[in-house]
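> What would the 3D arrangement of this be:
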Amino acid sequence: MDTSRSDRWLALLGPLFLVLMVVVMALSGSTPGENWSGQRIITHYHGKVGVNLAAAFLVGPAVVALLLFVSAFRLQLSREVGAPRKLVQYGAVVYGVALLMTAVVSLAEVSAADDKQAGAAQAMNYLNNAGWIPIVIGAGALLIGAGWSVLRSGILPSWLGWISLVVGVISLLGPGGFVGFFVAPIWVAVAGVMLYMRPEAAPPTVIA
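Presented below is the predicted three-dimensional model:
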């Protein structure tokens, strides 16, 4: 299957997604525990409004990079892949929306803490601690669809497809969700590099 030059460059947005997510997590720091009091949350976020605001705004570019990478990935798959290719797209959308919603809730929590609104900060903290559920569901669907697509199309090494498929299934099994949370960005980055380095198919020879 021929791969256009633009598709190859878009594949590099996979590694960019990983880099942005690492920066977001580094800026965000640790999340207050679910049972923390409002006053303790206020103390935790004291002087950290700026870095958390930067982290929240970086989630947007990260999600855009993810969606563009998935678009490039789907374009490089054969049309016969079918259902798993669609699952990659739907999973990426759920994953991206969940990341954005988590950023919104986190920013609301930090803002409430900065305004010394203990009750509001505590309420937002409860939501923030439950935000991992849609994230791992989206990441799991993305990984399952990607792994299934790789195994059916052969576009990437089969071992990468199996890792994606197994981790995706584990991510949907409740306690194993944290695995998909950490593996999904890494898988997207590795797949992006491999898609970029994938040799282009030679153009067909025209016989006079």
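> contacts and neighbour counts: CA atoms only from here.
Fine.
> and A112, what does it touch?
A118, A120, A121 (C-alpha atoms under 8 Å, 6 or more residues apart in numbering).
> would TSV of these with neighbour count and pLDDT be doable?
TSV is the format used below for the contacts of A112 (neighbours: other C-alpha atoms under 10 Å; pLDDT from 0 to 100):
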residue	neighbour count	pLDDT
A118	19	90
A120	17	92
A121	26	90
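> Switch those over to TSV; also include secondary structure and distance to Q89.
Formatted as TSV, those follow (DSSP: H, G, I helix; E, B strand; the rest coil; distance: C-alpha to C-alpha, whole Å):
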residue	secondary structure	distance to Q89
A118	helix	39
A120	helix	35
A121	helix	34
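> would you turn these into CSV with distance to M101?
Shown next, in CSV, are the contacts of A112 (distance: C-alpha to C-alpha, whole Å):
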residue, distance to M101
A118, 21
A120, 17
A121, 16
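> Show me which of those residues is closest to Y95.
A121 (24.8 Å; C-alpha to C-alpha).
> So that closest one sits against G38, correct?
Yes: applying C-alpha atoms under 8 Å as the test, A121 and G38 come out as touching, 5.9 Å apart.
> Give me the buried positions along the longest helix along the chain.
In the chain, taking DSSP state H as the definition, the longest helix is helix 83-114. Neighbour-count burial for helix 83-114 flags 84-114 (criterion: 16 or more other C-alpha atoms under 10 Å).
> Likewise for stretch 149-159?
S149, V150, L151, R152, S153, I155, L156, S158.
> For that stretch, measure first residue to last.
End-to-end distance of stretch 149-159 (C-alpha to C-alpha, to the nearest Å): 13 Å.
> so what does the strand or helix carrying L66 touch, helix or strand wise?
Secondary structure from DSSP states H and E places L66 in helix 49-75. If you count contacts as 3 or more C-alpha pairs under 8 Å, 6 or more residues apart in numbering; DSSP states H and E, helix 49-75 packs onto helix 5-11, helix 13-28, helix 83-114.
> Apart from its neighbours in sequence, what residue is nearest M101?
G131 (7.9 Å; C-alpha to C-alpha, 6 or more residues apart in numbering).
> Over to Q122?
G38 (4.9 Å).
> How about V179?
S171 (6.1 Å).
> just to revisit the earlier point, now for A121 and G38: what residues contact both?
With C-alpha under 8 Å, 6+ apart, A121 and G38 have common neighbours A113.
> circling back to that earlier point, near the residue nearest to V179, how many residues? Count them for me, please.
28 (other C-alpha atoms under 10 Å).
> wait, what's in contact with it?
Applying C-alpha under 8 Å, 6+ apart, the residues near S171 are V136, I137, A139, G140, G177, F178, V179, G180, F181.
> what's the spacing between it and M101?
With C-alpha to C-alpha as the criterion, S171 and M101 are 19 Å apart.
> where does the chain have low pLDDT?
1-7, 78-83, 174-176, 199-208 (pLDDT under 70).
> how much does the longest helix of the chain deviate in direction from helix 13-28?
20 degrees (axes from the mean of the first three to the mean of the last three C-alpha atoms, to 10 degrees).
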